[in-house]
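Engineer: Fold the following for me, if possible:
(chains A, B, C and D)
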2 protein chains.
Amino acid sequence: MSNLRDLPPGGVLYKDVKRRVLQALADGEFKPGEAIPSEKKLVERFGVSIGTLRKAIDELVAENLLIRHQGRGTFVAMHRRDDHFFRFFKVAHEDGHRGYPTVQQKSFRRIKADKAACALLGLESGERVFHFTNVLSLDERPVMIDDIMLPERLFPGLTETQLRERPNTLYNFYQDAFGVNVIQTEERLRAVLATETEAGLIGVDVGAPLIRIHRVAFSFHRLPVEWRVSTLDTAHHEFIVSQMPKEDS
Amino acid sequence: MSNLRDLPPGGVLYKDVKRRVLQALADGEFKPGEAIPSEKKLVERFGVSIGTLRKAIDELVAENLLIRHQGRGTFVAMHRRDDHFFRFFKVAHEDGHRGYPTVQQKSFRRIKADKAACALLGLESGERVFHFTNVLSLDERPVMIDDIMLPERLFPGLTETQLRERPNTLYNFYQDAFGVNVIQTEERLRAVLATETEAGLIGVDVGAPLIRIHRVAFSFHRLPVEWRVSTLDTAHHEFIVSQMPKEDS
DNA sequence: TTACATTTGTTCGTATGTATA
DNA sequence: TTATACATACGAACAAATGTA
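Structural biologist: I've put the predicted structure just below:
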């Protein structure tokens, strides 16, 4: 009853299973919002035991790529207006209240990527990007300017109207319309003084202190998919960072 | 061979095991840096199977409270100058380099907690706190002021000398000298203009833009143990936030 | 309402592999 | 070499949630 180990090719078996599920996600075989095959079917497909499969799925659930529902199935995570949204939107009112922002689109252009954009998004010099500017408001007050760059290669044919009429969040739109999944971000924050342009857009005095946030968003395999420069007025709002153990203690 | 379920009291068994291990941590039975009993011994102690025990320990490892070493044992996490340190220190040079800061202690007092401190630290009005100010330097340049408040109740008899002569990081010192484990933080960031005092301490002009960080640090059961107000000069440094899946993808 | 099939969640236990002292 | 400890892989049995007939 002791099978010889037959399948540790490059490493361990459950990591390999995880890799293959991840590939199915990246390929679009398993689509956001839809259920992936049941554990039993995946066990047959990959030829591993239920325990090994579960260990692979466990990690993908821990990374917020899959969501399990007892009795229903396992689903590919989406960026809808629920728990997921606030994973990337970290602005709250000074009284602690966190609400959904309203978005006003100020501009939309297709331009040549500059040096910084090429470096951060991994583009060849000369490649095109879409550049658009949003002003976000909370409680009827403008609080943040978002300057967003998207590689044309990943968002072919993107139009201003599409963006303006998207039903959900931006990251959900990327997912639905272009199959681009944002699963990770890196942000760098600095304090700056408001320029005239910024002062006009969010209604503060020139020279008011603001937080400037440089964010690069990544998809699978750490592929950069968005570069965003946000400028936040913290007169009545705050930028929130929690360093938390994942679960209830 | 089918045992009747005998131990789901309030919930599930492995959560109960996790709770009991957590209690041993909070009680100081399992001490930072030391190994906890082996899986086999814990299985006997809690009367569960190895799989159930592992599931409980898995979660505590995922929460960075325990660290497993194959062949050696499972250890209580410490705040030493290693991977752990940068979980709470999020300042990097603008070129991306992350180094250890040097600390200069500017003041140390024992005072009555003000209203804000009482609210954030969960103290009765009139309780005492230790208040001290540090200036942190990176690459020989002062970049951050830390104003720190500690409840006297949790740090009885703390002295300026103890603090000044601690060998490791502050959070490691809390752990070694007072059994206070910082496992979670919450931070709120705003942009401000440098006051005269701040300008003097970190060598910037009055009115320069700075980032102000309010941080509350928590121990087990979300007990607040430290309140800290940091003021960061971002002329040549940045505050880093990563929203990451935990592991290699 | 009930019964049933499907799917994930929990618990159990065994055997073997790998790292450490 | 040997003993110990954690890591991986296997799979059985039952519990709980869900959807449907």
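Engineer: among the helices and strands of chain A, which has the poorest mean pLDDT?
Structural biologist: helix A:170-178 (a mean of 89; mean pLDDT, DSSP states H and E).
Engineer: now that helix, how far from the centre of its chain.
Structural biologist: Distance of helix A:170-178 from the chain centroid (CA atoms, centre = their mean, to the nearest Å) equals 10 Å.
Engineer: Mind listing what's buried along that helix?
Structural biologist: Across helix A:170-178, burial judged by 16 or more other CB atoms under 10 Å in any protein chain shown covers A:170-176, A:178. Using the backbone N, CA and C atoms, a C-beta is placed for each residue, glycine as well.
Engineer: and stretch A:231-245, average pLDDT?
Structural biologist: Throughout stretch A:231-245, pLDDT has a mean value of 92.
Engineer: before we move on, back to that, which helices and strands sit right next to the least confident helix or strand of chain A?
Structural biologist: helix A:160-164 (3 or more CB pairs under 8 Å, 6 or more residues apart in numbering or on different chains; DSSP states H and E).
Engineer: elements contacting the helix it packs on?
Structural biologist: strand A:102-112, helix A:170-178.
Engineer: one step back: any idea which helix or strand comes after the least confident helix or strand of chain A?
Structural biologist: Per DSSP states H and E, the first helix or strand lying C-terminal to helix A:170-178 is strand A:184-193.
Engineer: Does that following strand reach chain B?
Structural biologist: Yes. Strand A:184-193 reaches chain B (CB under 8 Å from any CB of the partner chain) through A:184-193.
Engineer: Turn those residues into TSV, columns for neighbour count and pLDDT.
Structural biologist: As requested, the residues of strand A:184-193 next to chain B are exported to TSV (neighbours: other CB atoms under 10 Å in any protein chain shown; pLDDT from 0 to 100):
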residue	neighbour count	pLDDT
A:Q184	21	91
A:T185	19	94
A:E186	17	96
A:E187	21	97
A:R188	18	98
A:L189	25	98
A:R190	22	98
A:A191	26	98
A:V192	15	98
A:L193	17	98
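Engineer: now, which of these sits nearest DNA strand D?
Structural biologist: Using CB to the nearest atom of the strand, A:Q184 is the member of these that lies nearest DNA strand D, at 22.5 Å.
Engineer: what's the domain layout of chain A?
Structural biologist: A:13-76, A:85-239 (automatic domain parsing).
Engineer: and these as TSV, adding distance to B:L138?
Structural biologist: Formatted as TSV, these follow (distance: least, CB to CB, whole Å):
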stretch	distance to B:L138
domain A:13-76	32
domain A:85-239	15
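Engineer: follow-up on the earlier one: strand A:102-112 and the least confident helix or strand of chain A, what's the angle between them?
Structural biologist: 50 degrees (axes from the mean of the first three to the mean of the last three CA atoms, to 10 degrees).
Engineer: Show me what from chain A comes close to DNA strand D.
Structural biologist: Where proximity means CB under 7 Å from any atom of the strand, the interface of chain A facing DNA strand D comprises A:3, A:7-8, A:12-15, A:48-52, A:55, A:69-72.
Engineer: Can I get the buried ones among these as something I can paste into ChimeraX?
Structural biologist: The following ChimeraX line selects those of those that are buried, judged by 16+ other CB under 10 Å:
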select /A:13,14,15,48,52,55
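Engineer: which helices and strands sit right next to the helix ranked longest in chain A?
Structural biologist: Longest helix in chain A by number of residues (criterion: DSSP state H): helix A:13-27. Under the contact criterion of 3+ CB pairs under 8 Å, 6+ apart, helix A:13-27 touches helix A:39-46, helix A:50-62.
Engineer: Return the member of the buried residues of helix A:170-178 nearest to chain B.
Structural biologist: Closest approach between those and chain B, by CB to the nearest CB: A:Y171, at 11.5 Å.
Engineer: At the geometric centre of chain A, which residue do we find?
Structural biologist: For chain A, the residue nearest the mean C-alpha position is A:V182 (3.0 Å; CA atoms, centre = their mean).
Engineer: Out of the helices and strands packed on helix A:160-164, which gets nearest to A:V229?
Structural biologist: For the helices and strands packed on helix A:160-164, proximity to A:V229 was assessed by CB to CB; strand A:102-112 is nearest, at 13.7 Å.
Engineer: Provide the contact partners of the closest one at residue level.
Structural biologist: A:126-138, A:142, A:152, A:160, A:163-164, A:201 (CB atoms under 8 Å, 6 or more residues apart in numbering or on different chains).
Engineer: same check, this time on stretch A:143-156
Structural biologist: The contact list for stretch A:143-156 (CB under 8 Å, 6+ apart) reads A:91, A:101, A:110, A:113, A:117, A:121, A:123, A:127-137, A:158, A:170, A:174, A:178, A:180, A:198, A:201-202, A:225-233, A:236-237.
Engineer: In strands only, show me the residues you listed.
Structural biologist: Under the assignment DSSP state E, these contribute A:91, A:110, A:128-137, A:225-233, A:237 to strands.
Engineer: re earlier: and the contacts of strand A:102-112, which of them are buried?
Structural biologist: Applying 16+ other CB under 10 Å to the contacts of strand A:102-112 flags A:129-136, A:138, A:142, A:152, A:163, A:201 as buried.
Engineer: Can you tell me which of the residues you listed is nearest A:V76?
Structural biologist: Closest to A:V76, out of all of these and judged by CB to CB, is A:L163, at 23.4 Å.
Engineer: Surely that closest one and A:T133 touch.
Structural biologist: No. The pair A:L163 / A:T133 is not scored as a contact, 11.2 Å apart, by CB atoms under 8 Å.
Engineer: For A:I202, grab the count of nearby residues.
Structural biologist: 22 (other CB atoms under 10 Å in any protein chain shown).
Engineer: From B:L120, how far off is A:L150?
Structural biologist: Going from A:L150 to B:L120 by CB to CB, to the nearest Å gives 40 Å.
Engineer: thinking A:E39 is in contact with A:I50, fair?
Structural biologist: Yes. Contact criterion CB under 8 Å: A:E39 and A:I50 qualify, at 6.2 Å.
Engineer: who has more neighbours, A:L150 and B:L120?
Structural biologist: A:L150 (26 against 17).
Engineer: buried residues in the host helix or strand of the more buried one?
Structural biologist: A:L150 belongs to strand A:141-151 when assigned by DSSP H and E. Applying a neighbour-count criterion of 16+ other CB under 10 Å, one finds A:142-151 buried in strand A:141-151.
Engineer: before we move on, what about stretch A:154-167?
Structural biologist: Those would be A:154-155, A:158, A:163, for stretch A:154-167 by 16+ other CB under 10 Å.
Engineer: end-to-end on it?
Structural biologist: End-to-end distance for stretch A:154-167: 20 Å, by CA to CA, to the nearest Å.
Engineer: avg pLDDT for that stretch?
Structural biologist: Mean pLDDT, stretch A:154-167: 93.
Engineer: just how off-centre is that stretch within its chain?
Structural biologist: Using CA atoms, centre = their mean, the distance from the centre of stretch A:154-167 to the centre of the chain it belongs to is 17 Å.
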